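Colleague: quick one: sequence and predicted model below, then my questions.
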Amino acid sequence: MEILKKLMQFQNLTEAEVQWMVDFFLDENVDEQEKLHILIAFTMKRETTEELTALTKALIASMYQTQPTYNNAMCVCGTGGDRSNSFNISTTVSFVVAAAGVPIIKHGNRSITSKSGSVDLLEALKVETLSVQNATQDVDEKGISFLSATETYPVFKYIQPIRKRIPMPTVFNIVGPMINPFQLDYQVMGVYEPSKMSMIAKTIQTLGRKRAIVVHGANGMDEATLSGDNLIYEVTPNEIKQYTINAKDFGLNYADNASLIGGDVDVNKAITLRILNGTEQGPKRDVVLLNAGIALYVSEKAASIQEGVHQARKIIDKQFALKLYQQLGGVSV
């Protein structure tokens, strides 16, 4: 196979070859082992900005000739792959940000590199993931909707068993957060690997976001953390700015990343519920405040991250996020 040979020689793919690779993964008649070889070779070569952009756009176009839109829609999502075993931070953050009036359309998946993916958690919380066709009604009525990647993109169904056989993150960890079926206006994307941030920021810029933040958390997480300086790439249509933020700058206490460890889906469900109902007052709540503050700033609901953290604290303390969760038909708290 010519492309496999090219990848094994660490040669970059053209846009047409990336399209071929997407069609190859989508083909149900192709042997799984052949797909595994291509994905391993592409992972070992490491993607370029051009390949990542081409792959992202080809995956979107494979399902959505014209993406649906929702005014001011946002997604908060990480790549996974950081091996931190943290609880489901971005899913918990999504409830808080939606309670502030930001339309959230969160695109997630079941566990690949962690014990509990966002879809696993939502299932335990008795919150439905919806079809793309039904998502806008939920956002209209409740301000938030959750989409499962394996339903919105069949390629993830075909590729998920293969990804599980590779003991490292693949390019699908990276593109997953970027291929939300909706043409988003705002995005916060956590990244496990800092060397990939520039190419991700450039790809996001080509997707037409009004504003986005790509963040690599201190000490190796795919969320902003409490343990030091978090690397930020802030993306607007005409500029990409790079800087760092520290939780202490926003009145939040230092905590190491071990304090954010979750567990299986039942453990993570309990953590999320404790944060939403206000009984959790430690580092796990603080990391949600920090990431929600970033999202509220990105979505232009707050003039600064500091103001966003303040808003997020009020939303949790007044149980607005909890009430939103309950409107979604969630379990009793």
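Modeller: Good, I have the coordinates.
Colleague: ok, now which ones touch the residue lying closest to residue 200 once chain neighbours are set aside?
Modeller: In this structure, residue 200 finds its nearest non-sequential neighbour in residue 214, 5.3 Å apart by C-beta to C-beta, 6 or more residues apart in numbering. Where C-beta positions appear, they are placed from N, C-alpha and C, glycine not excepted. Applying C-beta atoms under 8 Å, 6 or more residues apart in numbering to residue 214 gives the contacts 189-191, 197, 200-201, 204, 232-233, 235.
Colleague: can you name the two of those residues that are farthest apart?
Modeller: 190 and 235 (13.9 Å; C-beta to C-beta).
Colleague: coming back round to it: narrow the contacts of residue 214 to those in helices?
Modeller: Mapping the contacts of residue 214 onto helices (DSSP state H) picks out 197, 200-201, 204.
Colleague: any idea which of these has the most stuff around it?
Modeller: residue 200 (26 neighbours; other C-beta atoms under 10 Å).
Colleague: one step back: confirm that the residue nearest to residue 200 sits in a strand.
Modeller: Yes: judged by DSSP: H, G, I helix; E, B strand; the rest coil, residue 214 forms part of a strand.
Colleague: could you give the bridge partners of it?
Modeller: Beta bridges link residue 214 to residue 189, residue 233 when assigned by DSSP bridges.
Colleague: okay, now the domains of the chain?
Modeller: 1-62, 74-328 (the TED database).
Colleague: can you add mean pLDDT and distance to residue 68 and give those back as TSV?
Modeller: Shown next, in TSV, are these (pLDDT from 0 to 100; distance: least, C-beta to C-beta, whole Å):
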stretch	mean pLDDT	distance to residue 68
domain 1-62	94	11
domain 74-328	92	5
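Colleague: mean neighbour count, these: which tops it?
Modeller: domain 74-328 (a mean of 20; mean count of other C-beta atoms under 10 Å).
Colleague: measure that one end to end?
Modeller: By C-alpha to C-alpha, to the nearest Å, the extent of domain 74-328 from end to end equals 18 Å.
Colleague: run the chain-centre distance for it.
Modeller: 5 Å (C-alpha atoms, centre = their mean, to the nearest Å).
Colleague: and what about the residue nearest the centre of the chain, helix, strand or coil?
Modeller: Taking C-alpha atoms, centre = their mean as the criterion, residue 77 is the residue nearest the geometric centre of the chain, at 1.8 Å. Secondary structure, three-state DSSP: residue 77 is strand.
Colleague: give me the distance between it and residue 188.
Modeller: 8 Å (C-beta to C-beta, to the nearest Å).
Colleague: same question, residue 141
Modeller: Noted for residue 141: a distance of 24 Å to residue 188, by C-beta to C-beta.
Colleague: what do residue 77 and residue 188 both touch?
Modeller: Common neighbours of residue 77 and residue 188 (C-beta under 8 Å, 6+ apart) are residue 90.
Colleague: picking up where we left off before, tell me the one of the contacts of residue 214 nearest residue 244?
Modeller: Looking across the contacts of residue 214 and measuring by C-beta to C-beta, the closest to residue 244 is residue 232, at 6.5 Å.
Colleague: which neighbouring elements make contact with the strand or helix carrying residue 121?
Modeller: Assessed by DSSP states H and E, residue 121 sits inside helix 118-124. Secondary structure elements in contact with helix 118-124, counted by 3 or more C-beta pairs under 8 Å, 6 or more residues apart in numbering; DSSP states H and E, are helix 89-99, strand 104-108, strand 144-148, helix 265-277.
Colleague: let me have these in a markdown table, adding distance to residue 119 as columns.
Modeller: What follows is the helices and strands packed on helix 118-124, written out as a markdown table (distance: least, C-beta to C-beta, whole Å):
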| stretch | distance to residue 119 |
| --- | --- |
| helix 89-99 | 9 |
| strand 104-108 | 5 |
| strand 144-148 | 5 |
| helix 265-277 | 10 |
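Colleague: relative to residue 162, which of those is closest?
Modeller: Comparing the helices and strands packed on helix 118-124 by C-beta to C-beta, strand 144-148 comes nearest, at 18.1 Å.
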